[in-house]
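Here is a sequence together with a model predicted from it:
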Amino acid sequence: MQGGGGTKEVNQVLEELGVGRFQVMQLLPICTLYLIDGAEILVASSILDSLQTAWGFSEWMRGAFISIVFVGVLLGSILGGILGDAIGRRPTLLVSYFFVVAFSVLCAASQGPLQLMVARFFFGCGYGMGAGTAIAVTVESVPPSWRASLMNVCSLFFIFGEIFAASLLMIFMPQLSGYTGDTWRWVTLLAAAPGAVVLPFAALALQETPHYLLSKGYNDEALSVVKYIAAANQNYAAVDGLAGVYAGPALRMEPSEPGEVRADSGGTVEDGRRPLPKAVHDETTVLQRFAIAFSPAYRSIVLGGCYLLFAANFQFYGLMYALPLVFGHMEAVPVSPAFQVLVAAFWDFPGVVLVQCLIRSQKFGHRDGLIGLALLSSVCFAAMTSLDLGATWIWVSLPVTYMAKFLVNAFFTLAYVYIAEVFPSSCRTTAVGICVATSRLGSIIAPPLFDSLTTSLHHGRFFAVAAMVAVGAVVVTRGALTYERKNEALEEEAPSLAARAGREEGSSAALASKAAGEEVRAGGKYGTLSS
């Protein structure tokens with residue numbers, strides 16, 4: 001499709017511009033943010049035994065050191081969601097980035113338990129501010145056909161963070177416990193080093209998204225960003241003569257006379273094919289954006305999304321907290337506890353591959369994938385109770401542990417892909433922020449729940465609870481997630497419930513008509529050869 005003059009719908013332009021240097025520059029800071037999070041969380045849970053030896057804090061504080069991070073993430077996610085829709089994706093993400101890097105350094109410099117907990121709380125606030133905003137930047141900066149795939153690529157960097165941290169642990173703390181001095185400080189500081197390197201680049205390279213600018217009525221600025229993307233990707237043909245971009249689904253019309261007014265478009269036909277739509281100018285307040293998120297059109301999606309991300313966080317971060325402690329106290333664990341943590345991290349890669357297959361599948365929707373992953377992970381968590389049976393069952397318990405890690409990572413990523421696509425740009429970071437904030441309750445309660453349900457040699461009850469949480473995700477996905485927008489153009493404004501129902505009814509009717517036609521051609525429901 002040629003660039004042409006006039007105006008174009010923003011999703012269409014992004015599709016024509018493709019993926020190139022701009023997307024690399026835009027997503028590198030986000031990927032590094034995920035890398036820091038993966039590294040810091042694994043390091044935080046792996047140095048607990050050494051910290052307890054050095055500082056002599058009480059047992060209940062072990063889980064609190066991890067949970068306090070997610071309390072900060074919860075509060076930061078709410079704040080980041082509000083700011084992302086109010087002042088923009090770019091400034092919110094840069095503030096988040098600065099907080100994460102600064103308080104990672106302060107964590108390494110802490111002189112006692114209280115200082116460390118405060119520093120980790122603000123680290124969590126910083127990451128929370130960027131979590132939902134990073135999702136919005138990702139989906140709004142790439143072509144619709146690439147959106148889910150590049151979100152999956154971003155999730156790879158959380159895994160790279162785990163592997164990076166596990167490698168540091170193998171070098172400095174291979175037994176994960178019994179270390180004194182400043183060893184844990186070096187590990188904590190080095191885990192944050194990639195962020196300090198990328199922060200200046202992020203400040204220079206990160207751009208505001210055209211979807212956000214259009215939702216605020218900044219049409220000229222959105223056009224400037226689109227042309228910047230064309231220059232970065234060296235694809236000038238897509239914007240040659242382009243006078244403007246507009247928000248909303250692309251309008252496909254029969255050819256008509258230029259200048260003709262269309263009652264259904266709110267504009268005039270400029271090029272004989274497409275109307276010039278009205279400009280979108282979002283002046284909604286914070287309370288109005290919350291009202292949109294909890295309107296009948298989105299209420300069940302928000303509530304269902306909150307539970308899905310709760311389950312993903314409970315299982316994923318529960319495993320990140322539990323596995324270093326389980327491996328550290330297992331007898332006859334192969335090679336070393338740190339090596340087993342590294343192996344478990346590598347098992348996240350098949351999860352990324354599986355998610356990519358589900359994303360590209362034309363047969364399975366996001367909801368189908370979520371149901372299948374939740375069912376399989378519930379079986380694996382139930383089988384992980386065999387970890388309590390010791391060395392006799394180690395060749396059963398270790399493989400199901402790796403498989404659980406693989407499935408949970410896939411579920412975690414696919415849940416975020418679904419949530420990122422389903423909300424309109426006018427309230428995307430607010431709605432995603434609500435889901436992300438609520439989900440952090442899962443990561444907050446997982447560490448203390450693990451400590452309260454387990455002993456150094458018995459961990460089965462925690463994994464049984466994780467299995468039940470996964471079963472709950474199956475029920476919620478089937479009951480609360482009423483629709484999806486898999487690989488479709490993003491919505492800019494919230495449609496009415498009746499409009500959405502009409503679209504879905506029309507889609508269902510079309511499928512039914514097609515099926516009926518195939519049935520007639522086949523000779524009826526049961527088929528016959530007589531005619």
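On my side now, so go ahead.

Which elements pack onto the helix or strand where V118 lies?
V118 is part of helix 113-140, with elements assigned from DSSP states H and E. Counting contacts by 3 or more C-beta pairs under 8 Å, 6 or more residues apart in numbering; DSSP states H and E, helix 113-140 packs against helix 21-46, helix 48-55, helix 60-86, helix 89-109, helix 147-172, helix 210-215, helix 394-422, helix 428-453. The way it works is simple: take the backbone N, C-alpha and C, and place the C-beta from them, glycine included.

ok, and which of these has the densest surroundings?
With neighbours defined by mean count of other C-beta atoms under 10 Å, none of the helices and strands packed on helix 113-140 is more surrounded on average than helix 210-215, at a mean of 27.

Remind me what that one packs against, helices and strands.
helix 10-17, helix 113-140, helix 219-233, strand 242-246.

where does the most centrally placed residue in the chain land on pLDDT?
Centroid-nearest residue in the chain: Y416, 3.6 Å away (criterion: C-alpha atoms, centre = their mean). Y416 carries a pLDDT score of 85 in this model.

so who does it touch?
I135, M151, S155, L309, A312 (C-beta atoms under 8 Å, 6 or more residues apart in numbering).

Could you do V432 as well?
Contacts for V432 (C-beta under 8 Å, 6+ apart) come out as G81, G132, I135, A136, I419, A420, F423.

Turn these into a markdown table, columns for distance to G161 and pLDDT.
A markdown table is the format used below for the contacts of V432 (distance: C-beta to C-beta, whole Å; pLDDT from 0 to 100):
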| residue | distance to G161 | pLDDT |
| --- | --- | --- |
| G81 | 23 | 83 |
| G132 | 19 | 80 |
| I135 | 17 | 83 |
| A136 | 21 | 86 |
| I419 | 21 | 86 |
| A420 | 20 | 79 |
| F423 | 27 | 82 |
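
Would you enumerate the residues in contact with V225?
In this structure, V225 makes contact with Q207, E208, T209, P210, L213, judged by C-beta under 8 Å, 6+ apart.

Tabulate these (TSV), appending pLDDT and distance to A345.
What follows is the contacts of V225, written out as TSV (pLDDT from 0 to 100; distance: C-beta to C-beta, whole Å):
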residue	pLDDT	distance to A345
Q207	91	32
E208	92	34
T209	91	31
P210	90	36
L213	89	38
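
quick one: which of those residues is nearest V469?
Using C-beta to C-beta, T209 comes nearest to V469 of those, at 33.8 Å.

okay, the nearest residue to E484 once chain neighbours are set aside: pLDDT?
Setting aside the residues directly before and after it, E484 is nearest to H366 in space (C-beta to C-beta, 6 or more residues apart in numbering), at 5.0 Å. Listed pLDDT for H366 reads 89.

do F123 as well
pLDDT recorded at F123 is 92.

Just give me the closest of the contacts of V225 to A480.
Among the contacts of V225, T209 lies closest to A480 (C-beta to C-beta), at 28.2 Å.

ok, the closest one - contacts?
Applying C-beta under 8 Å, 6+ apart, the residues near T209 are R89, R90, A136, V137, E140, S141, V225.

Go again with 10 Å.
By C-beta atoms under 10 Å, 6 or more residues apart in numbering, T209 lies in contact with 10, 14, 26, 88-90, 136-142, 215, 222, 225, 425, 428.

From N233, how far off is it?
With distances taken as C-beta to C-beta, to the nearest Å, T209 is found 15 Å from N233.

and what of G128?
Taken as C-beta to C-beta, the span from G128 to N233 is 32 Å.

Which of these two has more residues huddled nearby?
Higher neighbour count among G128 and N233: G128, with 30 against 17, using other C-beta atoms under 10 Å.

Can you tell me the closest non-neighbouring residue to the more buried one?
G128's closest residue in space is G76 (C-beta to C-beta, 6+ apart), at 2.5 Å.
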